[in-house]
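Visitor: for reference, the sequence and a predicted model appear below.
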Amino acid sequence: AAPGPAPVPAPTLAPPPPKFCSQGCGRPPNPALQASGKPYTTCCLACGKHAGQHDKKCGVNESQIQSYKTVILYHGTTKGNFNNIKQGTPVDSEDKGLGKGMYFTTNPSVAESRARARGHELIIQCEVDLGDLKDYGTGPVGDWFKERYDSATRIHSAWPLPNNAGLMPAFREVCLRANSGRIRYQKYWGTWGK
């Protein structure tokens, strides 16, 4: 008997893209595919070479903060507060734009710039469980804690850098209560020792 048709090979599927840039900047990876058909693991070429530096067209996908409940976020702090965070006993900042709580950003470069502006040169990276998140975008901020949200986020307006060094572009900040049990310390960098 004549041989039947050759079996059709199963299609080769590209692995799913990672949730965040492999350089730890907090941005989603480039949504395009490489020439090989594999997904990118970094958000842009610049960040792939130097973590935290970005191409002009590299933008944060604002839906990612809502899409994933557990995210990598960054916080500038003092040595004393760092020890509390590392030991699992962080403390809230005074009332600010989103009210009382511990403040983070999705961008480590922003965290470093803000820390230096305050005389703090220690940045920590944490895994944060956002829980039920209230996103205020660029609009007015309400009492998210009283409304029983676990965390809140907004777009912080641009602010002046020290020594007349220009403006820090608008950025996303995230706030949640320090004693919520949703903050897990991962690593730090800066001028202080361990």
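Guide: It's in. The model shown is predicted, which means the values in this text are computed figures rather than measured ones.

Visitor: in this structure, which spans are strands?
Guide: Taking DSSP state E as the test, the strands found in the chain are 70-77, 93-96, 99-105, 122-129, 133-135, 151-156, 159-160, 167-168, 171-176, 183-190.

Visitor: so which of those gets nearest Thr41?
Guide: Using Cβ to Cβ as the criterion, the shortest distance between Thr41 and these is 14.2 Å, found for strand 70-77. C-beta: built from backbone N, CA, C; applies to glycine.

Visitor: which positions within that closest one qualify as buried?
Guide: With burial defined by 16 or more other Cβ atoms under 10 Å, the residues of strand 70-77 counted as buried are 71-77.

Visitor: roughly how far out does it sit from the chain middle?
Guide: When distances are taken as Cα atoms, centre = their mean, to the nearest Å, strand 70-77 is centred 6 Å away from the chain's centroid.

Visitor: output the contacting helices and strands for that strand.
Guide: For strand 70-77, the contact count by 3 or more Cβ pairs under 8 Å, 6 or more residues apart in numbering; DSSP states H and E identifies strand 99-105, helix 108-117, strand 122-129 as packing neighbours.

Visitor: so where is the protein shaky, pLDDT-wise?
Guide: Regions of the chain meeting the criterion pLDDT under 70 cover residues 1-19, 26, 32-33, 35, 56-68, 95, 161-163, 165, 191-194.

Visitor: closest one of the buried residues of strand 70-77 to Val110?
Guide: Tyr74 (7.5 Å).

Visitor: how close does the closest one get to Pro31?
Guide: Separation of Tyr74 from Pro31 (Cβ to Cβ, to the nearest Å) stands at 23 Å.

Visitor: could you do Asp129 as well?
Guide: Noted for Asp129: a distance of 25 Å to Pro31, by Cβ to Cβ.

Visitor: those two - which one has more neighbours?
Guide: Neighbours were tallied for Asp129 and for Pro31 using other Cβ atoms under 10 Å; the higher tally belongs to Asp129 (15 against 10).

Visitor: now that one, which residues is it bridged with?
Guide: Asp129 forms beta bridges with Thr70, as assigned by DSSP bridges.

Visitor: you'd agree it is up against Leu73?
Guide: No - applying Cβ atoms under 8 Å, one finds Asp129 not in contact with Leu73, separated by 10.6 Å.

Visitor: okay, now the residue nearest to Cys21 when sequence neighbours are not counted: neighbour count?
Guide: In space, Cys21 comes closest to Cys43 once its chain neighbours are excluded; the distance is 4.1 Å by Cβ to Cβ, 6 or more residues apart in numbering. As a burial measure, Cys43 scores 25 neighbours (other Cβ under 10 Å).

Visitor: other residues contacting stretch 126-145?
Guide: Counting by Cβ atoms under 8 Å, 6 or more residues apart in numbering, the neighbours of stretch 126-145 from elsewhere in the structure are 65-66, 68-75, 85, 97-101, 104, 147-155, 157, 174, 176-177, 180, 182-186.

Visitor: many thanks, we can stop here.
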